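K.L.:
Based on what follows, work out the 3D shape:
(one chain, ligands or ions: 2)
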Amino acid sequence: MHFVSREEWGAQPPRYDLVYIASTQGTKVHYEGTYVPKSLAAADAHGSCAGHMRDIQAAHLANTKEDYSDIAYSAVVCPHGYVFDGRGAHRKTAANGNQTLNAKDYSVCAMLGASGLVQPTAAMLDGLVDAIEWLRQDGDAGSEVLGHRDGYATECPGEPLYAWVQAGAHRPDGSSPGGGDTGSGTEIARYQVTINGLAYGYGAHGDHVTAVGEALVAKGFGRHYQEGPGPTWTDADTLNYSDYQVRLGYSGTAPHEDADGVPGAVSLQQLLGYLPGATTSTMVPPFPGRSAFVLGRSNPAVVTLDKALVRKGYVRHHDGNGYQPGRLFTRYTLANVRDFQHARPELAGDADGYPGPLTWKLLLS
Ligand SMILES: [Zn+2]
Ligand SMILES: [Zn+2]
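P.N.:
Ligands and ions are numbered 1, 2, ... in the order given. Reported below is the predicted structural model:
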């Protein structure tokens, strides 16, 4: 790892004492989200990176609304793959959105923008993995690697970097970070299935997910939980469910094999003793027509739509206070419907965020 200490990049001292943290569940990946010049990634431009780092710190210290003590990130990685110390190991980050999220994960930021330099370099991805491994070794970070947008309404870390996180945050040569207990080198299935109208698999959300986790723990398949089980399906749920499938005699733990940790109806019924969410299509209210869903207009059907989005866990877009059902079809409604459409193969081809009859039927059943 190419490590650049605070002294080396010319950091200002923190304004207040930083908060000690013993360990975290993992690390969240960020981008700057502003404009970052493409020239910063030039092979001979690394001399500018320390100055770029000082600019980030100065901007954070000047942010009177957040009242930051210091640069918000645990570490920052430049396009040349150097890891710049930020708050560092065993210091609580301020970048993840709120106190709970800041205590849960460290933060590592890539010097990438929403415009200008938007694609991570290979050296940068290597540097991000270096930073994640360093926080594990020196800061007792757990194996979780997520994006800032996981659990908080933000575009961060941008599409290219988020796609990399979702694919497992591997080094460009394909090796996975750290060899944590989520199965180094093994890909974890991250797709969803719908059984009896409820979603299961990575990112699925609801009481039925908690119920699966609790049943797994009760049957002795809880070894991958560092925390939980909870209402959002994580890799730990997948790994525990995979253990359970293997015990049932299923084979193949790679994605889309029988014991990949994504439930099927048979194993699920066997685990719980029942199949949650029994609904029939006759209970779905009739589709109110496309004219009920117009951006910026109110309609009672939007309340029904919103409640279904909440029930199915498609609520990551909101105005900052959580997603609440209401009569107004907002851009958040649109974005959440679009997430649902993207998650369903039947709808993904036309994921425009506006419910048609099939979106309505699938969302409400
Ligand atoms: Zn961020
Ligand atoms: Zn650099």
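
K.L.:
What is the distance between the helix or strand bottoming out on mean pLDDT in the chain and the centre of its chain?
P.N.:
Sorting the helices and strands of the chain by mean pLDDT, DSSP states H and E puts strand 192-195 at the bottom, at a mean of 85. Relative to its chain's centre, strand 192-195 lies at 19 Å (C-alpha atoms, centre = their mean, to the nearest Å).

K.L.:
what does it rub up against?
P.N.:
Contact with strand 192-195 is made by 199-204, 233, 262-265, 268, 275, 277, 343-344, 362, as judged by C-beta atoms under 8 Å, 6 or more residues apart in numbering. The way it works is simple: take the backbone N, C-alpha and C, and place the C-beta from them, glycine included.

K.L.:
Can you tell me which of those are buried?
P.N.:
Among those, the ones that count as buried by 16 or more other C-beta atoms under 10 Å are 199-204, 233, 262-263, 268, 277, 343-344, 362.

K.L.:
Just after the helix or strand hosting Trp134, pick out the following helix or strand.
P.N.:
Under the criterion of DSSP states H and E, Trp134 resides in helix 122-139. Toward the C-terminus, helix 122-139 is succeeded by strand 141-147 as the next helix or strand (DSSP H and E).

K.L.:
For this structure, what lies in contact range of ligand 1?
P.N.:
Selection of the chain residues close to ligand 1 by C-beta under 5 Å from the ion yields 30, 148, 156.

K.L.:
need the residues you listed in JSON lines with neighbour count, pLDDT and distance to Ala110, can you?
P.N.:
Output for the residues of the chain next to ligand 1, formatted as JSON lines (neighbours: other C-beta atoms under 10 Å; pLDDT from 0 to 100; distance: C-beta to C-beta, whole Å):
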{"residue": "His30", "neighbour count": "26", "pLDDT": "98", "distance to Ala110": "7"}
{"residue": "His148", "neighbour count": "27", "pLDDT": "96", "distance to Ala110": "11"}
{"residue": "Cys156", "neighbour count": "24", "pLDDT": "96", "distance to Ala110": "10"}
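
K.L.:
hmm, back to that, partners of the least confident helix or strand of the chain in the sheet?
P.N.:
strand 198-201 (antiparallel) (DSSP bridges).

K.L.:
Distance from the chain centre to the partner strand, please.
P.N.:
With C-alpha atoms, centre = their mean, you get 17 Å for strand 198-201.

K.L.:
Check which helices and strands the helix or strand following it sits against.
P.N.:
Next helix or strand after strand 198-201 toward the C-terminus (DSSP H and E): helix 207-218. Counting contacts by 3 or more C-beta pairs under 8 Å, 6 or more residues apart in numbering; DSSP states H and E, helix 207-218 packs against strand 198-201, helix 235-248, helix 265-272.

K.L.:
These: which one's closest to ligand 2?
P.N.:
helix 235-248 (31.3 Å; C-beta to the ion).

K.L.:
So what touches the closest one?
P.N.:
With C-beta under 8 Å, 6+ apart, helix 235-248 has contacts from 144, 182-183, 188-190, 201-202, 209, 212-213, 216-217, 219, 221-226, 228-229, 253, 258-263, 267, 270-271.

K.L.:
That helix vs helix 207-218, what angle?
P.N.:
50 degrees (axes from the mean of the first three to the mean of the last three C-alpha atoms, to 10 degrees).

K.L.:
give me the low-pLDDT residue ranges for the stretch 151-300 of the chain?
P.N.:
Along the stretch 151-300 of the chain, the parts satisfying pLDDT under 70 run over 174-186, 278-283.

K.L.:
I am finished for the moment; much appreciated.
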